[in-house]
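Q: predicted model and sequence follow; I will ask about them next.
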Protein chains: 2
Amino acid sequence: MEMAIGTAEIAARRGEVPVGAIIVDTASGRVVANCGNQMVGRNDPTAHAEMLAIRAAGNMIGSQRLVDCDIYVTLEPCPMCAAAISLARIRRLYFGAYDAKGGGVEYGARIFDQTSCHHRPEIYGGLQERKSAVLLKNFFENRR
Amino acid sequence: MEMAIGTAEIAARRGEVPVGAIIVDTASGRVVANCGNQMVGRNDPTAHAEMLAIRAAGNMIGSQRLVDCDIYVTLEPCPMCAAAISLARIRRLYFGAYDAKGGGVEYGARIFDQTSCHHRPEIYGGLQERKSAVLLKNFFENRR
């Protein structure tokens, strides 16, 4: 999670909402993706940290199923990213700050609680919550 | 929608679940994206036709907000794609076959009906429904 926070800080310096995501392949113990938000830089509304990390990990591992992988993300995933985590069959989701407005795990669409959801990872929220939340708070305060 | 069906047919020939998506920029009247599923080919569980089309359109137009754009997709979008359509601020969603198992518009997470959903496009389902559905049915029958 420390690594994901560092990636989020770098995203903020690029003018992106500071969110970072890391994917670890537990079979090899290796980090297979390390991505920050790039929506602004890529003119791409889907370029959330988690989406970029899933794409990078699939490419690295050579499979669209990331069954041995865990994802660490600094903010509760939105519905798009939560659904992508399910499609990727990721084993564990660790996230930092909860997101009452935009989240899709504990809030909103609660993607993994839908009966139509084919795969629910183990979920651990609130890891280093304060650090991730302060990063976001400072970013939005500086933009006002 | 005819063009999207043609794209879905091409996807099937590549061994991908036959779904096609077209994005039209209504300001210019031009097709700005034309994509089929590529999950298998790219080892990418997020490479649904709609996601690729949104990324291509954002890149083409130079903005992550596709406010003047309409999307035509042969199948009801899943929760990931529906959430991406919302993030992209797409104006109108036209889709072909309904998807009771995997859909996220009329079924499942019903993304656009969530109070936390920031943008709901105009939605028109069931366009050329039979053609899109037959394409999918034939594809899965041939794989058995």
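A: Nice, I can see it. This structure is a prediction, so every number in the text was calculated from the model and none was measured. Numbers count the residues shown, from 1 in each chain, chains lettered A, B, ... in the order given.
Q: mind listing what's buried along the biggest helix by length in chain A?
A: Longest helix of chain A, by residue count under DSSP state H: helix A:129-143. Residues A:129, A:131, A:132, A:133, A:135, A:136, A:139 are the ones in helix A:129-143 that count as buried (16 or more other C-beta atoms under 10 Å in any protein chain shown). The C-beta positions use only the backbone N, C-alpha and C, and glycine is treated the same way.
Q: got a list of what the nearest residue to residue A:118 once chain neighbours are set aside touches?
A: Take residue A:118 and drop its neighbours on the chain: the residue closest to it by C-beta to C-beta, 6 or more residues apart in numbering or on different chains is residue A:86, 6.4 Å away. Listed by C-beta atoms under 8 Å, 6 or more residues apart in numbering or on different chains, the contact set of residue A:86 reads A:111, A:112, A:117, A:118, A:119, A:120, A:121.
Q: so residue A:86 is in which element?
A: helix A:79-87 (DSSP states H and E).
Q: what distance separates that helix from the centre of its chain?
A: Here the centre of helix A:79-87 is set off from its chain's centre by 10 Å, with C-alpha atoms, centre = their mean, to the nearest Å.
Q: again with stretch A:59-74
A: 12 Å.
Q: CA atoms of that stretch as CSV?
A: The C-alpha trace of stretch A:59-74 is given here as CSV (Å, rounded to 0.1, in the frame of the first residue of the first chain):
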residue,chain,number,x,y,z
ASN,A,59,-0.2,-8.1,-20.6
MET,A,60,2.7,-9.0,-18.3
ILE,A,61,1.2,-12.4,-17.2
GLY,A,62,-0.2,-13.3,-20.6
SER,A,63,-3.7,-14.0,-19.5
GLN,A,64,-6.9,-12.1,-18.9
ARG,A,65,-7.5,-14.0,-15.7
LEU,A,66,-5.4,-12.7,-12.8
VAL,A,67,-6.4,-15.5,-10.5
ASP,A,68,-3.2,-15.4,-8.4
CYS,A,69,-3.1,-11.6,-8.2
ASP,A,70,-4.0,-9.2,-5.4
ILE,A,71,-4.6,-5.5,-6.1
TYR,A,72,-3.7,-2.6,-3.7
VAL,A,73,-5.4,0.7,-4.5
THR,A,74,-5.4,3.9,-2.5
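Q: returning to what we had before: turn the buried residues of helix A:129-143 into CSV, columns for distance to residue B:68 and pLDDT.
A: Conversion of the buried residues of helix A:129-143 to CSV gives the following (distance: C-beta to C-beta, whole Å; pLDDT from 0 to 100):
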residue, distance to residue B:68, pLDDT
A:129, 39, 96
A:131, 39, 96
A:132, 35, 96
A:133, 35, 96
A:135, 34, 96
A:136, 30, 96
A:139, 29, 96
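Q: nearest to residue A:14, of those residues?
A: Taking C-beta to C-beta as the measure, residue A:14 sits nearest to residue A:139 out of the buried residues of helix A:129-143, at 11.2 Å.
Q: thinking again about what came up before, and the angle from the helix holding residue A:86 to helix B:79-87?
A: With axes from the mean of the first three to the mean of the last three C-alpha atoms, to 10 degrees defining the directions, helix A:79-87 sits at 160 degrees from helix B:79-87.
Q: any idea of the mean pLDDT for helix A:79-87?
A: Helix A:79-87 comes out with an average pLDDT of 98.
Q: quick one: classify the closest residue in space to residue A:81 that isn't next to it in sequence as helix, strand or coil.
A: Excluding the flanking residues, the one nearest residue A:81 by C-beta to C-beta, 6+ apart is residue A:50, at 4.0 Å. Here residue A:50 is recorded as helix under DSSP: H, G, I helix; E, B strand; the rest coil.
Q: do residue A:66 as well
A: Per three-state DSSP, residue A:66 ends up coil.
Q: please give me every residue in contact with it.
A: Per C-beta under 8 Å, 6+ apart, neighbours of residue A:66: A:23, A:25, A:54, A:57, A:58, A:88, A:89, A:90, A:91, B:45.
Q: do the same with residue A:87
A: So residue A:87 contacts A:64, A:118, A:119, B:45, B:46, B:78, B:80 (C-beta under 8 Å, 6+ apart).
Q: hmm, 7 Å instead?
A: B:45, B:46, B:80 (C-beta atoms under 7 Å, 6 or more residues apart in numbering or on different chains).
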